[in-house]
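Peer 1: The sequence and its predicted three-dimensional model are supplied below.
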Amino acid sequence: MLIKLLKILIKGVLLLLLVLVLIGLILPQSYSVNKTIEINANIDVVKPLVTDFSQWQKWSPWEKVDSSIRFTLGEPSSGLGAHQSWKGKWGYGEMTITSISQNKVSFNILLNAEHIIRGTFNFSEQNGIVTLICNIEGQTTAPLISGYTAILSEYVLRNTVSLGLNNLQTVAQLSDPQRIMQSHDSQNSTSEN
């Protein structure tokens with residue numbers, strides 16, 4: 001009786017594993033995160049915060065997500081070809097700015113020497129407000145579990161990119177002396193009335 005029950009249990013576990021593997025094979029192996037934020041700062045203040053990796057420590061969320069992470073700036077550390085690398089509890093990686101135009105910064109990320117992520121920051125400015133769109137796309141390469149890894153990657157990146165953009169918004173708005181003076185002047189004129 002006990003042996004029969006054990007055989008049923010083993011068959012059930014094997015069937016469950018088979019189903020999980022099949023689902024993992026069917027799930028999409030690619031993911032995409034697209035986040036937008038409006039920043040009340042001049043584009044000349046916002047863009048250098050993105051294109052200069054030495055400025056990322058002011059707003060990047062990764063040290064909050066992984067306190068063990070350590071960044072190393074490459075040469076150059078800003079502009080086209082800027083490079084940084086890191087090592088943390090979830091592995092290691094490197095990021096390179098691959099192109100810069102007036103309204104767009106493109107980058108590649110290589111995680112653990114196998115997982116390539118491509119991304120862009122798109123800038124537009126209207127009426128003193130910078131709209132920044134961050135788009136990140138990747139494809140997982142882990143056999144059998146790629147689908148699950150893609151879902152997890154998208155979830156982690158969606159939340160982390162949102163946190164980073166909110167941090168960037170705060171830093172940029174506090175770094176734009178023209179906006180700070182305008183805000184100060186409007187508060188003074190309101191209080192005088």
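Peer 2: The structure has been received and is ready for your questions.
Peer 1: quick one: the longest helix seen in the chain to chain centroid distance?
Peer 2: When the chain is parsed with DSSP state H, its longest helix is helix 146-175. In this view, helix 146-175 has its centroid 4 Å away from the chain centroid, taken as Cα atoms, centre = their mean, to the nearest Å.
Peer 1: what mean pLDDT does that helix have?
Peer 2: The average pLDDT within helix 146-175 is 91.
Peer 1: Find the residue at the geometric middle of this structure.
Peer 2: residue 161 (4.0 Å; Cα atoms, centre = their mean).
Peer 1: how near is residue 62 to residue 21?
Peer 2: Distance, residue 62 to residue 21, using Cβ to Cβ, to the nearest Å: 32 Å. Placement of C-beta: from N, CA and C, glycine included.
Peer 1: more crowded one of these two?
Peer 2: residue 62 (18 against 13; other Cβ atoms under 10 Å).
Peer 1: excluding its backbone neighbours, what's nearest that one?
Peer 2: Among residues not flanking residue 62 along the chain, residue 69 sits closest, at 5.5 Å (Cβ to Cβ, 6 or more residues apart in numbering).
Peer 1: contacting residues around the one you found?
Peer 2: Residue 69 makes contact with 62-63, 86-89, according to Cβ atoms under 8 Å, 6 or more residues apart in numbering.
Peer 1: Residue 47 sits in which helix or strand?
Peer 2: Per DSSP states H and E, residue 47 falls inside helix 43-51.
Peer 1: One more: residue 85?
Peer 2: Element membership for residue 85 (DSSP H and E) is strand 83-88.
Peer 1: what's next to that strand, contact-wise?
Peer 2: Outside strand 83-88, the residues that touch it by Cβ under 8 Å, 6+ apart are 53, 56, 62, 66, 68-77, 92-97.
Peer 1: neighbouring strands for that strand, and are they parallel or not?
Peer 2: Applying DSSP bridges, strand 83-88 is found paired with strand 70-73 (antiparallel), strand 91-100 (antiparallel).
Peer 1: Just send those back as CSV, with mean pLDDT and distance to residue 10 too.
Peer 2: Formatted as CSV, these follow (pLDDT from 0 to 100; distance: least, Cβ to Cβ, whole Å):
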stretch, mean pLDDT, distance to residue 10
strand 70-73, 95, 45
strand 91-100, 96, 34
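Peer 1: Buried deepest among these, which one?
Peer 2: Across those, the average number of neighbours (mean count of other Cβ atoms under 10 Å) peaks for strand 91-100, which reaches a mean of 17.
Peer 1: Which SSE is immediately downstream of that strand?
Peer 2: According to DSSP H and E, the helix or strand after strand 91-100 is strand 104-111.
Peer 1: Next secondary structure element downstream of that following strand?
Peer 2: Moving toward the C-terminus from strand 104-111, the next helix or strand (DSSP H and E) is strand 115-126.
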